[in-house]
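Colleague: got a predicted structure plus its sequence, pasted below:
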Amino acid sequence: MALVLIVVFGFLNTLFEGKIVAKFPVKPIGIVMKMSHRGLQGEDSTYCSMVFLYFLCSISIRTNLQKFLGFSPPLGASGAGLFPIPDPKIS
């Protein structure tokens with residue numbers, strides 16, 4: 001799964017290097033502005049690069065894609081995350 005994402009990222013990065021792929025309606029805050037404008041020429045901070053858009057898309061669809069392909073842990077798996085949800089049956 002990770003290998004596919006790395007290959008797709010590399011392909012898209014070379015295809016859209018230095019090109020504006022989106023424009024924000026408002027000026028983003030500090031750290032978001034640095035990430036979204038990375039690799040772009042010019043001073044307009046409302047422009048968005050492919051790297052930031054890819055990042056947003058990958059974190060938003062990764063969970064659903066993992067569920068669809070069967071890579072995610074079962075719902076009942078204890079300790080599946082950083083902060084596991086306690087079982088209400090065991091009190």
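Modeller: Looks like it arrived, so ask away. Numbers count the residues shown, from 1 in each chain.

Colleague: and N13, what pLDDT?
Modeller: Per-residue confidence (pLDDT) for N13: 86.

Colleague: also the one 10 residues further on?
Modeller: Each residue has a pLDDT score; the one for K23 is 91.

Colleague: surely it and C48 touch.
Modeller: Yes. Proximity of K23 to C48 meets the contact threshold set by Cβ atoms under 8 Å, at 6.7 Å. (Each C-beta comes from the backbone N, C-alpha and C, glycine too.)

Colleague: of those two, who's got more company?
Modeller: Using other Cβ atoms under 10 Å as the criterion, K23 and C48 rank with C48 on top: 21 against 9.

Colleague: contacting residues around the more buried one?
Modeller: C48 is in contact with 20-24, 36-37, counting by Cβ atoms under 8 Å, 6 or more residues apart in numbering.

Colleague: go with 10 Å
Modeller: 20-24, 28, 32, 35-38, 40, 56 (Cβ atoms under 10 Å, 6 or more residues apart in numbering).
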